[in-house]
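[1] have a look at this prediction, sequence included:
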Amino acid sequence: MLASLKTKFFDAFGHAFEVPDEVSPERYRSLRRIMTWLMVAVSVTPLLLLTGINHAQYMRTLEREMENPLYALVRKSQASLELFLGERASTVSLIAHAYNFDELTSGTTLTRVFMALKSEFKGFVDMGLVDDKGRQVAYVGPYELLNADYAKQPWLHETQVKGRYISDVFLGLRGIPHMVIAVQRMEESGRTWTLRVTIDTAQLEELVASVGLMQDTDAFLCDAKGVLQTNSRFYGKTLEKLPLSLPPRSLETTVRHISDAEGTRLVAAYTTLAGTDLTLMAVKPATDLLRPWTSLRSELLIVLCGGIAIIVIVSHLLMKHLVGRLEASDERRVAAFAQMEHNQKLSSIGRLAAGVAHEVNNPLAVINEKAGLAQDLLSMDGDFPHKQKLIGLLQSIESTVERARSITHRLLGFSRRMEAHQQELSLGEIVEETIGFMERGAKNRGVSITTEGFGEAPRIVSDRGQLQQVFLNLMGNALDAVADGGAIAVRCAAADDGGVKVQVSDNGKGMSEEVRKHIFEPFYSTKKDKGTGLGMFITYGIVRRLGGDIDVESEEGRGTTFTITLPHMPPQSAGGDA
Amino acid sequence: MTKGNNEDIKILLVDDEKQFVDTLAERLAMRGFSARVAYDGPQALKAVEEPTDVIVLDLRMPGMDGFEVLRNVKKSNPQVQVIILTGHGGDAEEQTAYRMGAYNFLKKPMDIDELLGSIRMAYRDKLENAMVAVSLAEGGDFDAARDVMAEKDILAEHDK
C-alpha cells in the first residue's frame, strides 16, 4: 500500500526529483534545490492550512456576532408588533360582538365606544361600520367618510372571506397611508355588517424604532409584494417599493446574507408577523463588521509571511549545509575509492610479479645446473680447441643466471612477510645514517641535503632495516633527479594518531603526469642505463607493509616530493600479500 | 672435489623437474656423492625406506607436495635431515618448513657449493644427534634419546 503510494508519488513527481547520477556540481545544486523546496512545501503547507482554517473560523464568529443582535432585534420587534396588532384586533372583535348593528348605528354609541377605545389604546385614527352592501353607515373620525362606498375595496373582500382581517398599509379613499383592522359580524337575525378601524402607521414605525436601533441598522415592515409599510432609514418611504429582493416568507426568524442594488453586502434578519402578510425586516451592512477582521488579517499576514520567510531561510541554510556535507563526504569517498583502486592495482601487480618470479626460478635452476654440469665436464677433460672460450661462455651463462636470480629474488622480497624486526626507533637517526651513505656522492656534485623537524618528531615502532631501504631509494632517486648544485630537503612532522609524516623533496627535473601515475609499478624505470625499475615498487611495498602510505607530487622542471606517512605502530597482522 | 668419504652420505634428491634433478645428481656424483633420485612424493617416501641421511626436497610437486613428504618423513624417520630446495621460496613457506623440521631452506637457482655445504652440515648434525642419543640411551634416558633423534631441541632453537 505504502509502496504503491510511494511509486505513484514518484511517478507523478518523478521528473521534479530527477538528479543527475554522476558526481557533478549540477547534481548537488539540483539536490539542494529539490530538498529545499520539498522542506519548504512540507513546512509551509500546514501553516497555510492552519491560517486558512483560522481565517474561516474567525469569519464565522464575526458573522455570528453580526447576526445575533439583528436576530434578537427582530424577535423583540416581532413580539411587540404582534402584541400591538393582536390586542387591537381582539378589541375590535370584542366591540363587534358586544354590540349589534342597531346599537352602533343609533345615537352616539359609536362615538362613545371609539373614545373609550382611543383612551385605552394608542394609534387608532377612526372607526366605521360598513353594511353588507359596502356602504359605511356610521363613522367616527377626522375624515368625511360617512356613506363612503367600500364595496370595491380589497380589504372588505378579505374580511368577508376571513371574518377578521388586518390589512397592509394603503392610501385608500382618504389618500393617506394607513392600515385597517376589520371584523365581520353576522347577527342572529341574519344581518351581516363589518366594523373597521384604521391605525396610524406612525405607531408601527415607533414600535419598530423603539427596539433600539443602532446607527447603521435599518428596520422596517413590508408586505408580500415588497412594498414598504413603514418609513425605512435607507430604503425609502412608506408605500415605496423596497429596493432589496424579498426573502421567502417565513414564520421563523431567519438570518440571511443579501446584497443591495449597488452590491453592498448586507445581513438581513426577517420574519412574517403572525396573522398578517407583513414581513418585519432588519438590515445591517456586512462590511462594517469586517473592520476588526481587516486589522487582524494584516497582523496574521505579517506573522504568516514572517513564518514562511524563516522557513525558507532555515530550509535553504540547512539544506546547503547538509548537501555540502554530503558533497564533501562523496568527494572523500571517491578519493578513497581511487586510492583503494590504485592500491589494489599495485597489489595485483605485486602478486603477478611474484608469481612470475616463482615460475622463472625453476627453469633458471635447470639452466644453472646444465651450465654447471657442462663446466664440470669441461674441467675434467684435457685441452682442446676453444676450451677456454667454452668455459668463458658457460661462466657467462652462470653470471646471467645469477643476474636473473637477483631480480626474481628482489621481486619475491617484495611479497615477503615482515619479520619480527620491529623496534621503537627515531626516524632522524635513520635519515642521518642514510644521508651518511650518500654524502660523498652529493658533495662531489655540489648537492645540498638538509633535514628539518626530526628533533620534535615522535618516535615510532617500525622496522629499521626496511625503513633504511626506503630512504635509500627515495634519496637516491632524488640525487639522480637533481642537477649539480641542486638541493634535497627531508622534512618530518607529526601526523595523526601519533604517526609521522616524512617528505623527501628535490628541485630536480620532476616527472610527467604519465610517469607519476606509474611510478610505483614494477619495471617502470626512467633510468634507461641503470636500475631494474624495482626501486619504487619495493619502496611502495615496504611502506604499505609497515602500515603506512606513500604519495608523490611532481612538476616537470620544478621538482618532486615524496610523502610517506607511517603509523605509530605497524598493524597487528604486519605484512599481508601486498 | 673430494672423493671417498663423501660417498658415505646417503642423499635422496626429490624434484618433479627431471632435467634439474638428474643433472644435479650427476654433478653430485662427479663430486663423489652418491645420490638417489625421486620424481614425486610417493616415490620419495618409498626411497626413504632404504637408509637415507639427507633429503633435498622440492616443495611444489604435482600430487603430493614437499610439505606432505616432509611431514611423512619426519614421522617415519625423524633422524633423516631434510633440506628444502625450491623456486617458490617465500617467507611463509620458509617458516612452515622450519616448523615442520626442515634442516635448511634454499632457493633455486642455487650455487652447487652452497648446496654441498648445507648437505655436509646436515649430515654432521645427524651424526652428532645419533652419538648424543646413543650416550643418553646408554645412560638409560631413552626419552631424551628419542627427543634428540627427533631433533626436538633443534626445532625449538629454530622456532625462536
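    That came through fine. Small disclaimer: the values here were computed from a predicted structure and weren't measured.
[2] count of neighbours near the residue in chain B that chain A sits nearest to?
    Per C-beta to the nearest C-beta, residue B:87 is where chain B lies closest to chain A, at 3.0 Å. The C-beta positions use only the backbone N, C-alpha and C, and glycine is treated the same way. The number of residues packed near residue B:87 is 24, by other C-beta atoms under 10 Å in any protein chain shown.
[3] could you check the pLDDT of it?
    Looking at residue B:87, its pLDDT reads 86.
[4] and what of the one 3 residues further on?
    pLDDT, the model's per-residue confidence, is 74 for residue B:90.
[5] surely it and residue A:408 touch.
    No - using C-beta atoms under 8 Å, residue B:90 is not in contact with residue A:408; the gap is 11.8 Å.
[6] who has more neighbours out of these two?
    A count of neighbours by other C-beta under 10 Å puts residue A:408 above the other of residue B:90 and residue A:408, at 23 against 20.
[7] hang on, isn't that one packed against residue A:363?
    No - between residue A:408 and residue A:363 there is no contact under C-beta under 8 Å: 10.8 Å.
[8] mind checking the longest helix of chain A?
    With secondary structure taken from DSSP state H, chain A has its longest helix at helix A:291-380.
[9] show me what that one packs onto, helices and strands only.
    helix A:25-98, helix A:387-414, helix A:535-545, helix B:18-30 (3 or more C-beta pairs under 8 Å, 6 or more residues apart in numbering or on different chains; DSSP states H and E).
[10] wait, which of these is closest to residue A:268?
    Closest to residue A:268 of the helices and strands packed on helix A:291-380 is helix A:25-98 (C-beta to C-beta; 7.7 Å).
[11] residues in contact with the residue lying closest to residue A:67 once chain neighbours are set aside?
    With sequence-adjacent residues excluded and distances taken as C-beta to C-beta, 6 or more residues apart in numbering or on different chains, residue A:67 is closest to residue A:255, at 4.5 Å. Counting by C-beta atoms under 8 Å, 6 or more residues apart in numbering or on different chains, residue A:255 makes contact with A:67, A:70, A:71, A:267, A:268, A:269.
[12] quick one: contacts for the first one?
    What it means is residue A:67. Counting by C-beta under 8 Å, 6+ apart, residue A:67 has contacts A:255, A:267, A:269.
[13] cool, the fourth one as well?
    With contacts defined as C-beta under 8 Å, 6+ apart, residue A:267 is in contact with A:63, A:66, A:67, A:70, A:255, A:256, A:257, A:258, A:283, A:284, A:285, A:286.
[14] tell me the spacing between it and residue A:233.
    15 Å (C-beta to C-beta, to the nearest Å).
[15] still on that earlier bit, nearest to residue A:58, of the contacts of residue A:67?
    Closest to residue A:58, out of all of these and judged by C-beta to C-beta, is residue A:267, at 16.5 Å.
[16] A strand includes that closest one, no?
    Yes - the assignment for residue A:267 by DSSP: H, G, I helix; E, B strand; the rest coil puts it in a strand.
[17] residue B:67: what's it in contact with?
    Contacts of residue B:67 (C-beta under 8 Å, 6+ apart): B:59, B:96, B:97, B:100.
[18] let's see that with 10 Å instead.
    By C-beta atoms under 10 Å, 6 or more residues apart in numbering or on different chains, the contact list for residue B:67 reads B:41, B:57, B:59, B:60, B:84, B:93, B:96, B:97, B:100, B:102.
[19] list, one by one, the residues from chain B near chain A.
    B:1, B:15-27, B:29-31, B:58, B:60, B:85-92, B:94-95, B:107-113 (C-beta under 10 Å from any C-beta of the partner chain).
[20] selection in PyMOL covering whichever of these are buried, please.
    Applying 16 or more other C-beta atoms under 10 Å in any protein chain shown to these, the buried members can be selected in PyMOL as follows:
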select buried, chain B and resi 15+16+17+20+21+22+23+24+25+26+27+30+31+58+60+85+86+87+88+89+90+91+94+107+108+109+110+112
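[21] residue B:98 sits in which helix or strand?
    Following DSSP states H and E, one finds residue B:98 within helix B:91-99.
[22] how far away is residue A:165 from chain B?
    128 Å (C-beta to the nearest C-beta, to the nearest Å).
[23] surely that residue is in a helix?
    No - assignment of residue A:165 by three-state DSSP gives strand, placing it outside any helix.
[24] test my guess that it contacts residue A:157.
    Yes - with contact defined as C-beta atoms under 10 Å, residue A:165 and residue A:157 form a contacting pair (9.2 Å).
[25] which of those two has more residues huddled nearby?
    Neighbours were counted for residue A:165 and for residue A:157 using other C-beta under 10 Å; residue A:165 has more, 23 against 14.
[26] just list whatever residues bridge to residue A:197.
    residue A:127, residue A:181 (DSSP bridges).
[27] list the contacts of it.
    A:88-89, A:91-92, A:95, A:114, A:117-118, A:121, A:123-128, A:140-141, A:178-183.
[28] helices of the stretch 101-250 of chain A, start to end?
    Along the stretch 101-250 of chain A, the segments classed as helices by DSSP state H, counting those that start in this stretch run A:101-105, A:109-120, A:154-162, A:201-209.
[29] ok, the residue of chain A found nearest chain B - how many residues close by?
    Closest contact between chain A and chain B, by C-beta to the nearest C-beta, is at residue A:361 (3.0 Å). If you count neighbours by other C-beta under 10 Å, residue A:361 ends up with 23.
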